[in-house]
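*Asks:* Take this sequence and fold it.
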Amino acid sequence: MPVTAVVGANWGDEGKGKMTDAWASQSDYVVRYQGGSNAGHTIINDYGKFVLNLLPSGVFDPHVINVIGPGVALNISDLMKEWNNLQARGIPAPQLVVSERAQVLMPYHVLFDELEEARLGANSFGSTKMGISPFYADKYAKLGIQVSELYNPEHLRTRLEASLAAKNVLLQHLYGQPPVQVDELIPELMKLAAWLKPFVTDTTTMLNQALAEGKHILVEGQLGSLRDPDHGIYPFTTSSSTLAGFAAVGAGIPPHSIQRVLAVVKAYSSCVGAGPFVMELEGDAAEELRKRGGDAGEYGSKTGRPRRVGWFDAVATRYGCEVQGATEVALTNLDVLGYLDEIPICTAYELHGKTTITFPVSEQLRYASPVIETVPGWKCDISHIRRFEDLPEQAQAYVTLLEKLIQTPIRWVSNGPNREQLMDRV
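*Replies:* Numbering: from 1, shown residues only. Model (predicted):
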């Protein structure tokens, strides 16, 4: 069976958690392939409401094997807290495996993230201060620590000393902080390594064997297309690729195995963090949309920060679907717009006196302004409706128009935060 990728086509927070939760029950494996505990997938099911930061979204289905792949920034302490929280809330212990090739996010990565954001001040990039950027900097500078290295103490000490040599110079002479001592790190690392050991395995071999046996694998991405460091609003991006194409690398599976790419898109726009956001609303209109959005208002699932909001941006979303290679779209939060008499849509950008539907590079985005068209609203609550054809005519027309604008089939429509509030248009 081909691999299915669930990814975001916007700035993140599109509702991927709901889609991965809904599809996990049909999967044998659910794989996290990039990012770390810097963003969350919100899931609402019979057990309650959960925000998963590192655990894959299949943890609520006992038959699913949940995989943390080699591309993930593994904060073991955060993973342990998340695991223990599930147990404390009565969730049966899920099947979890962690790649022996995954690299460990260290306390000094978090420290450097906090210090650098403070140093940058008003010029900061909106980091979550979870250590992600310093982690990936170390990974590609070949200073990272793989999970397998935790179980060779002498080798681990040597690797830590090599990683800290330059960092301690920066700590003392750039940030005015005391150096980090290896002896202070190792005791806690040994405790975390002991807790993690039962989960550690060769996930690459395991997943390729699963493919050979015809198993169904779901790979889930973090954040969205516009936070990708190569194709997004750089430098206001995350530090790992958010695209479905990277799943082959971050999960350890063949590229040709990913044949279905579900891009999750919001029925309006939202964005946490800094960077250009052409369709951003201000004032009362923004506050009203923010208050009504999401499952409890538009606030970051990990950070709690108020999200910047705006109307649907067809330019950014079409581009987001394109770079993801989306084969289909899930449109979420359609019910939120039921309070509007007319619904504005950004159908194009005005840039240097010309109208364009091409998403520009980051340096040009600051000069872009939205071209707005409005369509009739449906002015009623639709959260109880379970079939697309039962939606008000105006709601159906809105979805059909968005599908035309983004040039990707909208297969799924979500009209609420719960698992059953999901309509299949086929």
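
*Asks:* S257 against P2, yeah?
*Replies:* Yes - assessed by CB atoms under 8 Å, S257 is found in contact with P2 at 6.3 Å. Bear in mind the C-beta positions are built from the backbone N, C-alpha and C, glycine included.

*Asks:* more neighbours, those two?
*Replies:* More crowded of S257 and P2, by other CB atoms under 10 Å: S257, with 17 against 12.

*Asks:* What sits closest to that one if chain neighbours are left out?
*Replies:* Nearest residue to S257 in three dimensions, chain neighbours excluded: V3, at 4.6 Å (CB to CB, 6 or more residues apart in numbering).

*Asks:* ok, that neighbour touching I253?
*Replies:* Yes - at 6.2 Å, V3 and I253 qualify as touching, with contact defined as CB under 8 Å.

*Asks:* overlap in contacts of the two?
*Replies:* L211, I217, V219, A247 (CB atoms under 8 Å, 6 or more residues apart in numbering).

*Asks:* need the helices for this protein, in chain order.
*Replies:* 16-24, 76-88, 107-120, 132-140, 153-173, 182-196, 203-212, 247, 283-292, 314-324, 362-365, 393-406 (DSSP state H).

*Asks:* returning to that earlier point: please tabulate the shared contacts of V3 and I253 in CSV, including the columns pLDDT.
*Replies:* Listed next are those as CSV, based on pLDDT from 0 to 100:
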residue, pLDDT
L211, 96
I217, 97
V219, 97
A247, 96
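
*Asks:* higher neighbour count, V3 and I253?
*Replies:* V3 (28 against 24).

*Asks:* ok, what's across the strand from that one?
*Replies:* I258 (DSSP bridges).

*Asks:* Report the outermost residue of the protein with respect to its centre.
*Replies:* E154 (35.8 Å; CA atoms, centre = their mean).

*Asks:* gap between the closest residue to L211 other than its chain neighbours and L96?
*Replies:* Once flanking residues are discounted, L211 sits nearest to S257: 5.8 Å by CB to CB, 6+ apart. The spacing between S257 and L96, counted by CB to CB, to the nearest Å, is 22 Å.

*Asks:* Now for S77, how many residues are close by?
*Replies:* Residues near S77, counting by other CB under 10 Å: 17.

*Asks:* do the same with S148
*Replies:* Neighbour tally, S148, other CB under 10 Å: 14.

*Asks:* Check what pLDDT the closest residue to H155 other than its chain neighbours gets.
*Replies:* Of all residues not flanking H155 in the chain, E149 sits nearest, at 6.0 Å (CB to CB, 6+ apart). With respect to pLDDT, E149 scores 97.

*Asks:* and E149, what does it touch?
*Replies:* H155, L156, R159.

*Asks:* Compare those residues and tell me which has the most neighbours.
*Replies:* L156 (20 neighbours).

*Asks:* Please determine how far that one is located from L170.
*Replies:* Distance from L156 to L170, by CB to CB: 22 Å.

*Asks:* Might one say that R227 is in contact with I233?
*Replies:* Yes - here R227 reaches I233: they are 7.4 Å apart, a contact under CB under 8 Å.

*Asks:* Quick check: neighbours shared by the two?
*Replies:* W11.

*Asks:* higher neighbour count, these two?
*Replies:* R227 (28 against 23).

*Asks:* who touches the residue nearest to S257 in this structure?
*Replies:* L211, I217, L218, V219, A247, I253, S257, I258, Q259, R260.

*Asks:* again, only this time at 6 Å
*Replies:* I217, S257, I258 (CB atoms under 6 Å, 6 or more residues apart in numbering).

*Asks:* how close does the second one sit to H216?
*Replies:* Separation of S257 from H216 (CB to CB): 11 Å.

*Asks:* got CSV for the contacts of E149, with distance to T201 and pLDDT too?
*Replies:* Formatted as CSV, the contacts of E149 follow (distance: CB to CB, whole Å; pLDDT from 0 to 100):
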residue, distance to T201, pLDDT
H155, 20, 95
L156, 19, 96
R159, 21, 96
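
*Asks:* so V30 makes contact with A24?
*Replies:* Yes - V30 sits in contact with A24 when judged by CB atoms under 6 Å, with a separation of 5.2 Å.

*Asks:* Tell me which residue lies nearest the centroid of the protein.
*Replies:* Central residue of the chain (CA atoms, centre = their mean): Q222, at 2.0 Å.

*Asks:* What is the neighbour count of the closest residue to that one other than its chain neighbours?
*Replies:* In space, and not counting its chain neighbours, Q222 is closest to G35: 3.5 Å by CB to CB, 6+ apart. G35 has 27 neighbours, counted by other CB under 10 Å.
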